[in-house]
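Enquirer: With the input below, show me the fold.
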Amino acid sequence: MTTSETDETTDDMMQATYCALCEHGYAEVTMQDIADRTDASKSSLHYHYDTKHDLLLAFLDHLYDEFADRFGGGETDEAGEIGETDADPLDRLAGVVDEALDEDDAEDRRDFRTAMLEIKAQAPYDEEFRERLAEFDRHVQESIRGIVSDGVESGIFRDDADPEEVAEFFATVFDGAHTRAISTDEPLSGARRSLAEFVERDLLADGVDREVDFE
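Expert: Residues are numbered from 1 along each chain as shown. Take a look at the predicted model:
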């Protein structure tokens, strides 16, 4: 099997895992559910992954790679999309918020967030899940730390702003907002507004006249 064929097979399995998780959730999904959504048989799936746990670890790795590609270093281009390294720090921060608090209400996205919440609930008891989820968190915080440091250096953000504390605050809000959205149907827009108010009140340097709108 060539590298491109292997990549195609992996992508097919990861997409099938996504769809099966959306439909069945973490606890109920089976290898057969995933195999049913690919051209591969269940035995072929087991050839690549011994157990459901192994497959879901690979799926988390796959998600992280996509996530890291989108976040980059938390940089955005002129349209506010994550990418360019010389973009305005406030625009870059807005890009991270937009990516982290995507308000797409499509049913499959909500079902997937629910399945991910189930996986997070296993993390206290599963070191491998915990390590993967911690990697997501570290990447988010590293992106925000870089943005805040650049903002302080350029004079957009207060010179006493602590990039470490700001990054931890944003990551905590992101995580809590998603948990509330799944558990209580609380819209993510509230977290976006709270973060915008925080930036205006506690992060922008005195004399910087910028509108902060994360919605």
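
Enquirer: switch to C-alpha atoms for all contacts and neighbour counts from now on
Expert: OK.

Enquirer: Give me the neighbour count for the nearest residue to residue 12 once chain neighbours are set aside.
Expert: Nearest residue to residue 12, sequence neighbours excluded (Cα to Cα, 6 or more residues apart in numbering): residue 38, at 6.4 Å. Counted with other Cα atoms under 10 Å, residues neighbouring residue 38 total 17.

Enquirer: heads up, I number from 21, so please use that
Expert: I'll keep to 21 as the first residue from here, and by that count the last item is residue 58.

Enquirer: Residue 58 falls within a strand, correct?
Expert: No: under DSSP: H, G, I helix; E, B strand; the rest coil, residue 58 sits outside any strand and is assigned coil.

Enquirer: which residues touch it?
Expert: Contact analysis of residue 58 by Cα atoms under 8 Å, 6 or more residues apart in numbering lists 32-33, 36.

Enquirer: Would you mind listing the buried residues in stretch 151-164?
Expert: By neighbour count on 16 or more other Cα atoms under 10 Å, the buried set for stretch 151-164 is 152-153, 156-157, 159-164.

Enquirer: quick one: which of the contacts of residue 58 is most hemmed in?
Expert: With neighbours defined as other Cα under 10 Å, the most crowded of the contacts of residue 58 is residue 33; it has 23 neighbours.

Enquirer: what about the closest residue in space to that residue that isn't next to it in sequence, distance to residue 36?
Expert: Nearest residue to residue 33, sequence neighbours excluded (Cα to Cα, 6+ apart): residue 58, at 6.5 Å. Noted for residue 58: a distance of 6 Å to residue 36, by Cα to Cα, to the nearest Å.

Enquirer: ok, now residue 82?
Expert: Computed as Cα to Cα, the residue 82 to residue 36 distance reads 13 Å.

Enquirer: what packs against the worst-scoring helix or strand of the chain on mean pLDDT?
Expert: In the chain, the helix or strand scored least confidently by mean pLDDT, DSSP states H and E is helix 23-48, which has a mean of 83. Judged by 3 or more Cα pairs under 8 Å, 6 or more residues apart in numbering; DSSP states H and E, the packing partners of helix 23-48 are helix 51-55, helix 72-91, helix 127-142.

Enquirer: starting at the chain centroid, how far to it?
Expert: Mean-position distance between helix 23-48 and its chain equals 18 Å (Cα atoms, centre = their mean, to the nearest Å).

Enquirer: what is the orientation angle of it with helix 127-142?
Expert: Angle of helix 23-48 versus helix 127-142, following axes from the mean of the first three to the mean of the last three Cα atoms, to 10 degrees, is 70 degrees.

Enquirer: buried set for helix 23-48?
Expert: Result for helix 23-48 [16+ other Cα under 10 Å]: buried residues 29-30, 32-43, 45-46.
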